[in-house]
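S.K.: Here's my sequence, what's the structure:
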Amino acid sequence: MISVKRIKGGTDNCYIVAEGNKAILIDTASKRNLDKVISECDKFEMKLIVLTHVHFDHAENAAELSRKYNIPVAINKLDEELFESFNKQPLKSYGLVGWGVLGMSLKVLKNTKVERPEKLIYLSDGDDLSSYGINAKIIELPGHTRGSIGVDVEGKHLFVGDELDNWIRPGVGHLYNNLDAIRKSAEKLRKLGGRTVYYGHGKPTPNREY
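M.R.: As a prediction, the model looks like this:
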């Protein structure tokens, strides 16, 4: 039976998805939460790290955790350039919440470089994670970043990174690289129907219209 462990660090979420003792980590949180993430991962036989996108609050611990557990880090190739610089894919925002979050994030994003993991692999739409012990498929969700991806686990658990967020209530992600693309990705997620949605920021909720 699949289990999901939400690891909350400040405003950031990452998740351990496990089938028995075998598990994958979806996102890694920021550096200040590394010890908390390790303490939870140590309870499992870790097989894979999946990054929904390459921003520091999701990816900053990826290289270190990859070394510790000797496991690969999976991304969509379109986000690889973000290891070099956040400026490769600038963010914009909408609404009061988005403007506030972007204002708080920009300074950190611009001054934080995410280490590129040595064991880096690439995932694209429809890729299957069953070889890592989890019945899950990858969904490409461009908009927040060009290479943003989600993970659909057993058609029940849907991990969406920052394509959607739940800062105050569930909705289309407030920060985007491409507004049209993020809206289309939100519609793609809505059409998947009855699943629990797990956000990069905010508490999980049932899937809904946005």
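
S.K.: measure residue 68 to residue 144 for me?
M.R.: 27 Å (CB to CB, to the nearest Å). Bear in mind the C-beta positions are built from the backbone N, C-alpha and C, glycine included.

S.K.: the more surrounded of those two?
M.R.: Shown here are residue 68 and residue 144; by other CB atoms under 10 Å, residue 144 has more neighbours (30 against 14).

S.K.: Show me what the one helix or strand in the chain whose mean pLDDT sits lowest is in contact with.
M.R.: Sorting the helices and strands of the chain by mean pLDDT, DSSP states H and E puts helix 95-111 at the bottom, at a mean of 77. The contact list for helix 95-111, computed with CB atoms under 8 Å, 6 or more residues apart in numbering, reads 55, 56, 86, 87, 91, 92, 93, 167, 168, 174, 175.

S.K.: C-alpha coordinates for it, PDB please?
M.R.: This file holds the C-alpha atoms of helix 95-111, laid out as PDB (Å, rounded to 0.1, in the frame of the first residue of the first chain):
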ATOM      1  CA  GLY A  95      -2.500  39.100  -7.700                       C
ATOM      2  CA  LEU A  96      -1.600  40.400  -4.200                       C
ATOM      3  CA  VAL A  97      -0.500  37.000  -3.000                       C
ATOM      4  CA  GLY A  98       1.700  36.500  -6.100                       C
ATOM      5  CA  TRP A  99       3.300  39.900  -5.800                       C
ATOM      6  CA  GLY A 100       4.100  39.300  -2.100                       C
ATOM      7  CA  VAL A 101       5.600  35.900  -2.700                       C
ATOM      8  CA  LEU A 102       7.600  37.000  -5.700                       C
ATOM      9  CA  GLY A 103       9.000  40.000  -3.800                       C
ATOM     10  CA  MET A 104      10.200  37.700  -1.000                       C
ATOM     11  CA  SER A 105      11.500  35.100  -3.400                       C
ATOM     12  CA  LEU A 106      13.400  37.100  -6.000                       C
ATOM     13  CA  LYS A 107      16.400  38.100  -3.800                       C
ATOM     14  CA  VAL A 108      17.000  34.500  -2.600                       C
ATOM     15  CA  LEU A 109      16.400  33.000  -6.100                       C
ATOM     16  CA  LYS A 110      18.900  35.400  -7.700                       C
ATOM     17  CA  ASN A 111      21.600  34.700  -5.000                       C
END
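
S.K.: Any idea how far that helix is from the middle of the chain?
M.R.: Relative to the chain's own centre, helix 95-111 is displaced by 18 Å; criterion: CA atoms, centre = their mean, to the nearest Å.

S.K.: Beyond that helix, next helix or strand please.
M.R.: Remark: after helix 95-111, the chain's next helix or strand is strand 120-122, criterion DSSP states H and E.

S.K.: now what about that following strand, what contacts it?
M.R.: For strand 120-122, using CB under 8 Å, 6+ apart, the contacting residues are 72, 73, 74, 75, 76, 77, 80.

S.K.: Quick check: the nearest residue to residue 153 once chain neighbours are set aside vs residue 36, distance?
M.R.: Closest residue in space to residue 153, ignoring its immediate chain neighbours: residue 136 at 4.3 Å, by CB to CB, 6 or more residues apart in numbering. To residue 36, residue 136 is 23 Å away according to CB to CB.

S.K.: Who has more neighbours out of those two?
M.R.: residue 136 (27 against 14).

S.K.: who's in contact with stretch 71-86?
M.R.: Against stretch 71-86 from outside (CB under 8 Å, 6+ apart): 46-51, 53-55, 62-63, 65-66, 88-89, 109-110, 112-117, 119-124, 140, 142, 145-149.
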